[in-house]
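Participant: predicted model and sequence below, questions to follow.
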There are 2 protein chains.
Amino acid sequence: MSTRIPVVEQLPHLPTNDVLDALRTAFTELAAGTAVQSPQTVMLLPDGGDVIAYQAVIGDAYGVKVSPYLPQTNCSAVVTAWTLVLSTRTGRPLLLCDAHALTVERTAATSALAVDRLARPDAATLAVIGSGAQARAHLRYVRAVRNFTSVCMYGPELTEADAPDDVAVARSAGEAVTDADVVLLCTSAAEPVIDASALAPGTVVTSISTNAPRAHEIAPEALADLEVYGDYRPTVTAAAGEMALAAEQGLWSPERLRGDLPELLTDSCPLPSGERPVFFRSIGLGIEDLAVARLLERP
Amino acid sequence: MSTRIPVVEQLPHLPTNDVLDALRTAFTELAAGTAVQSPQTVMLLPDGGDVIAYQAVIGDAYGVKVSPYLPQTNCSAVVTAWTLVLSTRTGRPLLLCDAHALTVERTAATSALAVDRLARPDAATLAVIGSGAQARAHLRYVRAVRNFTSVCMYGPELTEADAPDDVAVARSAGEAVTDADVVLLCTSAAEPVIDASALAPGTVVTSISTNAPRAHEIAPEALADLEVYGDYRPTVTAAAGEMALAAEQGLWSPERLRGDLPELLTDSCPLPSGERPVFFRSIGLGIEDLAVARLLERP
């Protein structure tokens, strides 16, 4: 029995800019072909539930994140996530870490990278829909890439006392997005929470939705009126509920995806035209999990 | 930083019968549908090499074994294997272990389970082809399931001094298999090492071969004259080199597989008729890796 392989169960403080830099590097390497993103696998359990595995390679490290979804008898579910990182030089483990909190960080930082590429230079007003851990992480990361003079947040149970610093509380999602230049959808809703097609041209909306099948935070039919981007072209159009539904109904097609993060970060897709609202959808990728896990390696 | 999750880097002594029992249970549960065997995945690395991932569920545990194959500049390759086991009750890791030595154990024990089901009750003479770690492990496990009055071993470099206790050294593979009731092929050869079709009716031959594409220890054309079994029906006929080649050449078809280990251990396939030699081929399965890894959990 040995403990030379680090096991990280408590997430230490991760500097916001370190996370952003790690993800920027990962997506740039994915564009260059020096990083590899595998399709995720889903293994069904005999008694219900499943285990999703996300594999990726960046530089000299291979990572696999396994995330069990375990329904309980009381209608709730246990969801965990653990990442194992191996060196592709030695074949030895570099790290085993609890990836639950890391998943929140990487998801929020990915949205922030997109906002930084997609929002107008003068974007000044921010709306955050949702008030949970994901919403607060999104706010932290997006503030690290852009300066906003006005921020408001809406959540059904959010009060002034619970709001983050310098954040106004809106009474509805509709009120929150009025005059917003950037809108971050951070809900666990599986149905539309705003009418994205009614927003002003150039407004950027990010969406993460949930893992529920066909989940979506905007209406599928809204895609026709938006300039649509995603985290990774090979996977996002089939996995995003609103994209899959819109394509099935003939309202939108995957060829209309204007770009993904590897393309946005290497200037190889068109930027928004300014003529319509802009929509960025992320599903989550193994290279994001690996990129942030590597920040936990001992120096 | 915490070390509450056990990390096992040095394999402790595993009692032979514990390994056999664990595998017997795993294959029986696979037959009953309470264990799950996923297809293995292969992820290609940007600079050559790959990582194979084996996932499985047995009882209340999920396991993933990841095995990187990392070519080096001197024409050799680094190959490692690590298994992560998670509880499907809590979603927490139960164990991370070096699976390299465990892979030898589970492979040998799987062959022994097959020999116990397939060999005649009066089988008394054993031949082992190969003299490496895999051959010695096979000898240990097969001796735990059957009593042999005579054992001989052949390896190109094997001497009397290096032979295991009570084992005669043969001068050729052909000499070793003469009059053998059971033949264990444990070579890293990717080409035929014996003429299996020339053996006496009822003789049982096991084969593990290597991971090289299309590798085989017996000639594909020999299958037509053998009663053929495999470790797991859904995967073995496509993955075993001799079976894939024989099917391509129209010499044999996957429907002729008489049974697999889940069937053999639950009496749901025909046993050998005694009219022809018998061939058992294993590829290796995630449930085997998980079954033996669980033996390392702290009581």
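Facilitator: Structure's in. What do you need?
Participant: separation between A:Val85 and A:Asp231?
Facilitator: Separation of A:Val85 from A:Asp231 (CB to CB, to the nearest Å) stands at 21 Å. Where C-beta positions appear, they are placed from N, C-alpha and C, glycine not excepted.
Participant: helix, strand, or coil at A:Phe279?
Facilitator: Following DSSP: H, G, I helix; E, B strand; the rest coil, the label given to A:Phe279 is strand.
Participant: my guess is A:Thr187 meets A:Ile218, correct?
Facilitator: No: here A:Thr187 lies out of contact with A:Ile218, judged by CB atoms under 8 Å, at a distance of 10.9 Å.
Participant: number of nearby residues for A:Phe148?
Facilitator: Close neighbours of A:Phe148, defined as other CB atoms under 10 Å in any protein chain shown, add up to 20.
Participant: host element of A:Ile52?
Facilitator: A:Ile52 belongs to strand A:50-58 when assigned by DSSP states H and E.
Participant: and the nearest residue to A:Leu118 once chain neighbours are set aside, how far from A:Asp165?
Facilitator: Of all residues not flanking A:Leu118 in the chain, A:Val204 sits nearest, at 4.8 Å (CB to CB, 6 or more residues apart in numbering or on different chains). In this view, A:Val204 and A:Asp165 are 23 Å apart by CB to CB.
Participant: what's the local residue count around A:Asp260?
Facilitator: Number of residues near A:Asp260 (other CB under 10 Å) recorded here: 26.
Participant: which residues touch the spatially closest residue to it that is not a sequence neighbour?
Facilitator: With sequence-adjacent residues excluded and distances taken as CB to CB, 6+ apart, A:Asp260 is closest to A:Arg233, at 4.3 Å. Residues in contact with A:Arg233 (CB atoms under 8 Å, 6 or more residues apart in numbering or on different chains) are A:Leu257, A:Gly259, A:Asp260, A:Pro262, A:Glu263.
Participant: looks like A:Val205 contacts A:Phe279 (just checking).
Facilitator: Yes: A:Val205 is within contact range of A:Phe279, at 5.1 Å (criterion: CB under 8 Å).
Participant: what are the buried residues along stretch A:220-229?
Facilitator: Neighbour counts over stretch A:220-229 (16 or more other CB atoms under 10 Å in any protein chain shown) mark A:Pro220, A:Ala222, A:Leu223, A:Asp225, A:Leu226, A:Glu227, A:Val228, A:Tyr229 as buried.
Participant: quick check: pLDDT value at A:Phe134.
Facilitator: Residue A:134: Gln, not Phe. Looking at A:Gln134, its pLDDT stands at 95.
Participant: swap that for A:Gln10, please
Facilitator: According to the prediction, A:Gln10 has pLDDT 87.
Participant: give me the neighbour count for it.
Facilitator: Residues near A:Gln10, counting by other CB under 10 Å, number 9.
Participant: ok but it is inside a helix, no?
Facilitator: No: A:Gln10 sits outside any helix when classified using three-state DSSP, being coil.
Participant: domain ranges for chain A?
Facilitator: Domain assignment for chain A by automatic domain parsing gives A:7-102+A:287-295, A:109-284.
Participant: show me the one of those domains that comes nearest B:Asn74.
Facilitator: Among the domains of chain A, the nearest to B:Asn74 by CB to CB is domain A:7-102+A:287-295 (14.1 Å).
Participant: what about that closest one, how long is it end to end?
Facilitator: One end of domain A:7-102+A:287-295 sits 13 Å from the other (CA to CA, to the nearest Å).
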